[in-house]
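Asker: Need the 3D shape of this:
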Amino acid sequence: MKLRIVIIAALGLALGLYLLMYVGLGAVFSAAVAVGWSGFAILCLYALGLSLSLEPLGTFCCPTVPGGTAGFRSGADGSGFGRGSAAVSQLGGLVLGARAAILQGVSSSLALASTIVDVTTEMLAQIAYIALGVLIFSARAPRTSFELSLMTVFVIGLVLAAVAGGLFLALQRYGQGVTRRLAARLFAGAAAATATVAAGLDAIYRSRVRVGLSLAIHLGGWITSAIGTWIAFRLIGARADLAAVIAIESLVCATRSAAFLIPNALGVQEAAYAVLAPLFGVGAEFGLAVSLLKRARDIAVGVPILLIWQAMEGQRALAGRPSGNH
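Answerer: Sure thing, here's the model as predicted:
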């Protein structure tokens, strides 16, 4: 399995390097360097500010328990301390988010249920975000055979994603009996834990207003994140309007989701930017430059968060360890 991941990542990296050479290595890096240290700091601070500003909203609106006192996850592209690590690892963001809830006194089953609901609302918000991008693309892109084929692919993908999202939601709401029976057959003693998680899901979904607010916050997070990308385009000298950048970002997001088997969408993200940016009047070199800047920003913001979290977990482990006599 690890060898397969390494091979897939290497192929993605090779694709990214090919695109850089094809578009022009000098042009891409000239555009990326044009942002300057001050501009890069603005991008990092914007991403960090987006995470920190959405966290209080998530705490209030996340439907973990009545009153939102244990809310811990909301937003897009990383929100709050735990979700900020998603810049490096999306799975890491999910794990840290659930861990943060447990540290706040939420039971593990309720934390898992809340994580499932939050993932669901984020997925549904992402579908709505991609639909917005498809609408802008249909209104703004040239009517050539290539653009029409691309539009067809995105529409088919959007329909499939909507069906998958609906099935996932229906499974949580109406398929819990099947899930409990399956867990009881496959894992001895898992039925009780599954029933507890199912009860947590029922309690959360009864708060429809908070679930709706969670979905709205996620959608707002996706759009606000696109504004950060628009700032990046402006800083490197590309004159792209906000609607065009929202379309580019949402369709890049769709492409990344489709390429979930490729670690961090290596090469795929770059290919999406190189193809989509010119359709909105932006040079491919600017699209690739923004992709590289976003990866550098994610590392600059995400790695310190992961290191701080590891240090905090280490301190908790040491504090809970009984001291021995030497």
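
Asker: and for stretch 34-45, what are the contacting residues?
Answerer: Here stretch 34-45 makes contact (CB atoms under 8 Å, 6 or more residues apart in numbering) with 228, 231-232, 235-237, 289, 293, 296-297, 300-301. Every residue, glycine included, has its C-beta placed from N, CA and C.

Asker: Next: stretch 128-143.
Answerer: So stretch 128-143 is contacted by 76, 147, 150-151, 154-155, 158, 161, 219, 222-223, 243-244, 246-251, 253-254, 279-280 (CB under 8 Å, 6+ apart).

Asker: ok, now with 6 Å
Answerer: 147, 154, 158, 219, 222, 243, 247, 250-251, 254, 279 (CB atoms under 6 Å, 6 or more residues apart in numbering).

Asker: Which of the contacts of stretch 34-45 sits closest to residue 174?
Answerer: When the contacts of stretch 34-45 are compared for distance to residue 174 (CB to CB), residue 228 wins out at 38.1 Å.

Asker: Let's see if you can find the most crowded of the contacts of stretch 34-45.
Answerer: residue 289 (30 neighbours; other CB atoms under 10 Å).

Asker: So that one versus residue 158, what's the distance?
Answerer: 28 Å (CB to CB, to the nearest Å).

Asker: Then residue 133?
Answerer: 9 Å.

Asker: neighbour count winner among these two?
Answerer: residue 133 (26 against 17).

Asker: does the closest residue to that one other than its chain neighbours belong to a helix or a strand, and which?
Answerer: Nearest residue to residue 133 in three dimensions, chain neighbours excluded: residue 250, at 2.8 Å (CB to CB, 6 or more residues apart in numbering). Residue 250 is part of helix 242-258 when elements are defined by DSSP states H and E.

Asker: Beyond that helix, next helix or strand please.
Answerer: helix 268-279.

Asker: angle of that next one against helix 242-258?
Answerer: 150 degrees (axes from the mean of the first three to the mean of the last three CA atoms, to 10 degrees).

Asker: Only the buried residues of the next helix or strand after helix 268-279, if you could.
Answerer: Note on helix 268-279: by DSSP H and E, the next helix or strand toward the C-terminus is helix 284-320. Residues 284-295, 297-298, 300-302, 305-306, 309 are the ones in helix 284-320 that count as buried (16 or more other CB atoms under 10 Å).

Asker: just stretch 248-258 next, same as before
Answerer: 248-256, 258.

Asker: what's the spacing between that stretch and its chain's center?
Answerer: 11 Å (CA atoms, centre = their mean, to the nearest Å).

Asker: how close does residue 37 sit to residue 146?
Answerer: 38 Å.

Asker: likewise residue 257?
Answerer: 22 Å.

Asker: same question, residue 300
Answerer: Where residue 146 is concerned, residue 300 sits at a distance of 36 Å (CB to CB).

Asker: Also residue 30?
Answerer: On the measure of CB to CB, residue 30 and residue 146 end up 28 Å apart.

Asker: Any buried residues in the one helix or strand residue 171 maps to, and which?
Answerer: Counting by DSSP H and E, the element that carries residue 171 is helix 145-174. Using 16+ other CB under 10 Å as the test for burial, helix 145-174 gives 150, 154, 157-158, 161, 165, 168-169, 172.

Asker: With respect to residue 271, which of the residues you listed is nearest?
Answerer: Nearest member of those to residue 271, counting by CB to CB, is residue 150, at 12.4 Å.

Asker: distance of the closest one from residue 137?
Answerer: 8 Å.

Asker: again, but for residue 128
Answerer: 15 Å.

Asker: again, but for residue 232
Answerer: 20 Å.

Asker: residue ranges with poor pLDDT in the stretch 201-326 of the chain?
Answerer: 313, 316-317, 319-326 (pLDDT under 70).

Asker: Can you show me the helices along the stretch 101-250 of the chain?
Answerer: Ranges of helices in the stretch 101-250 of the chain, per DSSP state H, counting those that start in this stretch, are 108-140, 145-174, 176-186, 190-205, 208-235, 242-258.

Asker: between the ones you listed, which one is nearest to residue 269?
Answerer: Nearest of the helices of the stretch 101-250 of the chain (CB to CB): helix 242-258, 5.8 Å.

Asker: No more questions from me, cheers.
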